[in-house]
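**Q** sequence unavailable; structure follows:
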């Protein structure tokens, strides 16, 4: 796990854009969690296959990876920058596109099982990198909003006091 020692430069992203990006990430995260639930339920990937539950595992894996592609697609459309996200995405762009394409378009050929299983390691890293980035952006926006609220509360009574001083006494 990478621990960042300093905050990345603040990036301009509207509240609505950040909310939408977080929603897409949450959809992908749900599929990832369901996939891991199947694996945990059976005790491992091979046990899932042995129990003939591989279709369920494959469904969650495919939708997770397709969703992850859309998250990074949004990341790129918003012109966000994060070295870790960009490096992982560009290194596996073709794989993610292939998973997304096969997930949402009928094809006779399919992503091979070994390739799908190998995808989990880098996809986990990409998933975590996007989670960290989105979380940092939300934390920063929350911090700034609290600061604005604090300043507004602090400023409000001062304005009232200043007005009272200016009023002539009767």
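**A** Okay, I see it. What you see is a predicted model, and the numbers here were worked out from it, not measured in a lab.
**Q** reduced to three states, what does residue 108 come out as?
**A** Three-state secondary structure (criterion: DSSP: H, G, I helix; E, B strand; the rest coil) places residue 108 in coil.
**Q** count the neighbours of it for me.
**A** The burial metric for residue 108, expressed as a neighbour count using other CB atoms under 10 Å, is 4. Where C-beta positions appear, they are placed from N, C-alpha and C, glycine not excepted.
**Q** start the count at 53 instead of 1 going forward.
**A** Yep, numbering from 53; the last one is residue 160 now.
**Q** for it, what are phi and psi?
**A** phi -80, psi -30 (degrees, to the nearest 10).
**Q** and it, what does it touch?
**A** Applying CB atoms under 8 Å, 6 or more residues apart in numbering, we find residue 160 in contact with no residue.
**Q** without its sequence neighbours, what residue ends up closest to residue 79?
**A** Distance criterion CB to CB, 6 or more residues apart in numbering; nearest residue to residue 79, sequence neighbours excluded, is residue 119 at 5.2 Å.
**Q** which element is that neighbour on?
**A** Applying DSSP states H and E as the criterion places residue 119 in helix 106-129.
**Q** and that helix, what's buried?
**A** Residues of helix 106-129 classed as buried under the neighbour-count rule (16 or more other CB atoms under 10 Å) are 106, 108-110, 112-124, 126-127.
**Q** kindly report the same for stretch 131-146.
**A** Of the residues in stretch 131-146, those buried by neighbour count under the rule 16+ other CB under 10 Å are 132, 134, 136, 137, 140, 141, 144.
**Q** can I assume the fifth one is in contact with residue 174?
**A** Yes - at 6.1 Å, residue 140 counts as touching residue 174 under the criterion of CB atoms under 8 Å.
**Q** and the end-to-end length of stretch 125-136?
**A** Stretch 125-136 has an end-to-end distance of 15 Å (criterion: CA to CA, to the nearest Å).
**Q** now that stretch: mean pLDDT?
**A** Per-residue pLDDT over stretch 125-136 has a mean of 95.
**Q** what's in contact with that stretch?
**A** Contact with stretch 125-136 is made by 54, 60, 63, 65, 69, 72-73, 76, 137, 141, 177, 181-182, 184-185, as judged by CB under 8 Å, 6+ apart.
**Q** same question for stretch 73-84.
**A** In this structure, residues lying in contact with stretch 73-84 by CB under 8 Å, 6+ apart are 65, 112-113, 115-116, 119-120, 122-123, 126-127, 130, 179, 182-183, 186, 190.
**Q** at 7 Å what do you get?
**A** Contacts with stretch 73-84, where a contact means CB atoms under 7 Å, 6 or more residues apart in numbering, come from 112, 115-116, 119-120, 122-123, 126-127, 130, 179, 182-183, 186, 190.
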